[in-house]
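*Asks:* The following block contains a protein sequence and its predicted model.
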Amino acid sequence: MTENHPSSTWHNPASNNEAADAQMAEAPQQHEPNDFNDDESRSVAQDSSVDLADTLGDYYDRNNNDDADSALGDDRESSTRSLTESIFNYEYENGRRYHAFRAGAYPLPNDEREQSRMDMQHHIYLLILGGELYRAPLDRTRLRRALDVGCGTGLWAIDFADMHPDTHVIATDLSSIQPTWVPPNLHFEIDDVEGGDWEFGGPDQQFDYIHIRSMAGSIGNWPLLLQRAYDNLAPGGWIELAEFETWASTDDNSLPPDSAYHEYQVRLGEAASIFGKLMNVAPHIRDLVRDAGFSDVHEDVWKVPLSPWPQDPRLKELAMYMNLQMMESIEPYSLALFSRVLKWHNNRIQALLAYVRQDLRNLNYHMYSNMHCVYAQKPYGPS
C-alpha cells in the first residue's frame, strides 16, 4: 500500500539561501529553546518500571535458596536479567526516551511527556464518542476475553476492564509504562503484535473483542495485523479500530500550500514511507477490514478541529484539547523519522516545528482532522 501526499513549497524564513539551510542542517545537535518547558528534554531515569524490575529480582531471590537448584537458579537469574535489560534499558535520542524492546521498530518515544500526550488523546476520544469507550454492539453475556492492541499507558484498557468486570482483558504494548494498580481482570503484556504469531490467543483462547487505536505510523503490514486479529477472534466477535487522519484538511483552502504545517505533513509522509510505515492509514481502514474477511463493517467519521476556530461551544472545547495534543504530538511523531530517515539535525527539526506551532495557533487556518472509527464482526460460519 502506497501513500500519496502533495509536494512541498515551504521555505524556512529564517534562512535566506540554500547555503544557510545547509549550515543549519550541519549544525551540531543540541537542545534549542522552544515553546515547551525547560525540563522537557531531561532523561527520565526513574519510573514505575524500575519497581517492576526490582520485584522480579526479589521474587527469584526469595525462591532461589535451594543449593540443589543452583544451576536452575542461575538460569532464572540470567533470564530475569535478560528480560529486564530487553524491556527497561531504554534508548535516549535528541532529548527523548524510546522503547528498548524491538528498539528502532517504533518511531515514537515512551517518556513521561509522551505518556501525558497519550492520556490527553484518550480524553479526546472520549469527548468525540460522547463518553463511550467503543462503538461496536458488544454482547456482555458472551464477552469473555478482550484484547487492546498498542495500549500505551493503559487508560482505555483500565476503563474497559472496570466496565466489564467479568471479562478477561489483555492489553499489549512495547513498553511497561502502565500503572501497577489495575482492575483484577486486566493483564498487561509486553509484546510486539508484528513480531510473530500472537501467543495470547489460540483456538481455545480466542477473543470476543479486539480494540486497536492510534497505531498510524507504527504498523508496517496492516493486512497481516488484521489477518492475525481475524484468526484470534471467536466467530461472532468484533474488531474496532480508531485513527485520526494524519493530513490536516480545510473546507475553505485557508491553509497555504507553502505553510510550515504543509511542509511538515509532506516530510512526515515521506519519512514514514521510507521507514516502511503507513502514516495516513485512517482513510484505508474500512477497506482493509473488509479485505481481511470481516462482515457487517461500519464506519463513523468525525470532523475534529485542530485549533479553537469553530463558533460551536462543544466543538471549540474539543478543539482546545485537540490543539494542546497537536502541540505535543508534532515532535514525537517526527523527531526520530526526520533524524534517522531524512538525516536532519535536531536544529533543523526544531526550527520547522516552531513554525508548525505558529500555524497551529493561527485561527485563520481552519484546519481539522477526520477521525475514523471502524468496527466489524467475524462471521459465525466459514468465510
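*Replies:* Ah, there it is. Just so we're clear, the structure is a prediction, and the values are computed from it rather than from any experiment.
*Asks:* what's the helix or strand where Asp208 lies packed up against?
*Replies:* According to DSSP states H and E, Asp208 maps onto strand 207-213. On a contact count with 3 or more Cβ pairs under 8 Å, 6 or more residues apart in numbering; DSSP states H and E, strand 207-213 meets strand 145-149, helix 155-163, helix 222-231, strand 233-244. (C-beta placed from N, C-alpha, C; glycine too.)
*Asks:* okay, it in PDB with CA atoms only?
*Replies:* Coordinates of each C-alpha in strand 207-213 appear next as PDB, following Å, rounded to 0.1, in the frame of the first residue of the first chain:
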ATOM      1  CA  PHE A 207     -11.100 -13.100  21.800                       C
ATOM      2  CA  ASP A 208     -14.600 -11.800  21.600                       C
ATOM      3  CA  TYR A 209     -13.400  -8.200  21.100                       C
ATOM      4  CA  ILE A 210     -10.200  -6.700  19.700                       C
ATOM      5  CA  HIS A 211      -9.500  -3.000  20.100                       C
ATOM      6  CA  ILE A 212      -6.800  -1.100  18.000                       C
ATOM      7  CA  ARG A 213      -6.400   2.600  18.300                       C
END
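*Asks:* and that strand, what's its mean pLDDT?
*Replies:* In this model, strand 207-213 has an average pLDDT of 97.
*Asks:* relative to helix 155-163, how tilted is it?
*Replies:* When axes from the mean of the first three to the mean of the last three Cα atoms, to 10 degrees is applied, the directions of strand 207-213 and helix 155-163 differ by 150 degrees.
*Asks:* I would like the residues contacting strand 207-213, please.
*Replies:* Contacts with strand 207-213, where a contact means Cβ atoms under 8 Å, 6 or more residues apart in numbering, come from 125, 134, 136, 138, 142-150, 156, 160, 167, 201, 225, 229, 232-234, 236-243.
*Asks:* Which among those residues count as buried?
*Replies:* Buried members of the contacts of strand 207-213, counted by 16 or more other Cβ atoms under 10 Å: 125, 134, 136, 138, 143-150, 156, 160, 167, 201, 225, 229, 232-234, 237-243.
*Asks:* picking up where we left off before, turn the helices and strands packed on strand 207-213 into CSV, including mean pLDDT and distance to Pro283.
*Replies:* Shown next, in CSV, are the helices and strands packed on strand 207-213 (pLDDT from 0 to 100; distance: least, Cβ to Cβ, whole Å):
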stretch, mean pLDDT, distance to Pro283
strand 145-149, 96, 20
helix 155-163, 96, 23
helix 222-231, 94, 12
strand 233-244, 97, 9
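*Asks:* For the ones you listed, give me TSV that also has distance to Val301.
*Replies:* Output for the helices and strands packed on strand 207-213, formatted as TSV (distance: least, Cβ to Cβ, whole Å):
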stretch	distance to Val301
strand 145-149	21
helix 155-163	20
helix 222-231	18
strand 233-244	11
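*Asks:* So for Val193, which of the ones you listed sits nearest?
*Replies:* Ranking the helices and strands packed on strand 207-213 by proximity to Val193 (Cβ to Cβ) places strand 145-149 first, at 5.4 Å.
*Asks:* who does the closest one pair up with?
*Replies:* Its sheet considered, strand 145-149 pairs with strand 168-173 (parallel), strand 207-213 (parallel) by DSSP bridges.
*Asks:* Going by neighbour count, which residues in the first one are buried?
*Replies:* Buried residues in strand 168-173, counting neighbours by 16+ other Cβ under 10 Å, are found at 168-173.
*Asks:* Repeat that for stretch 301-316.
*Replies:* Buried residues in stretch 301-316, counting neighbours by 16+ other Cβ under 10 Å, are found at 302, 304-310, 315.
*Asks:* just the strands in the chain please.
*Replies:* If DSSP state E is used as the criterion, the strands of the chain fall at 91-93, 96-98, 145-149, 168-173, 186-190, 207-213, 233-244, 295-305, 368-377.
*Asks:* For this structure, give me the ranges with low pLDDT.
*Replies:* Residues of the chain meeting the criterion pLDDT under 70: 1-88, 90, 92-93, 97, 99-105, 175, 177, 200-204, 382-383.
*Asks:* Run the chain-centre distance for the lengthiest helix in it.
*Replies:* The residue-count maximum for a helix in the chain (DSSP state H) belongs to helix 313-336. Helix 313-336 sits 14 Å away from the centroid of its parent chain (Cα atoms, centre = their mean, to the nearest Å).
*Asks:* what's the answer for stretch 229-245, then?
*Replies:* When distances are taken as Cα atoms, centre = their mean, stretch 229-245 is centred 17 Å away from the chain's centroid.
*Asks:* As PDB, could you dump the C-alpha coordinates of that stretch?
*Replies:* Extracted in PDB, the C-alpha atoms of stretch 229-245 (Å, rounded to 0.1, in the frame of the first residue of the first chain):
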ATOM      1  CA  ALA A 229      -6.800 -10.300  14.600                       C
ATOM      2  CA  TYR A 230      -9.300 -12.200  12.400                       C
ATOM      3  CA  ASP A 231      -7.600 -15.500  13.300                       C
ATOM      4  CA  ASN A 232      -7.600 -14.800  17.000                       C
ATOM      5  CA  LEU A 233     -11.300 -13.600  17.100                       C
ATOM      6  CA  ALA A 234     -14.000 -16.100  18.000                       C
ATOM      7  CA  PRO A 235     -16.800 -16.400  15.500                       C
ATOM      8  CA  GLY A 236     -19.200 -13.600  16.000                       C
ATOM      9  CA  GLY A 237     -16.500 -11.500  17.700                       C
ATOM     10  CA  TRP A 238     -16.000  -7.800  17.000                       C
ATOM     11  CA  ILE A 239     -12.900  -5.700  16.000                       C
ATOM     12  CA  GLU A 240     -12.800  -2.000  16.400                       C
ATOM     13  CA  LEU A 241     -10.200   0.500  15.100                       C
ATOM     14  CA  ALA A 242     -10.000   4.300  15.600                       C
ATOM     15  CA  GLU A 243      -7.500   6.500  13.800                       C
ATOM     16  CA  PHE A 244      -7.100  10.200  13.000                       C
ATOM     17  CA  GLU A 245      -6.200  11.200   9.500                       C
END
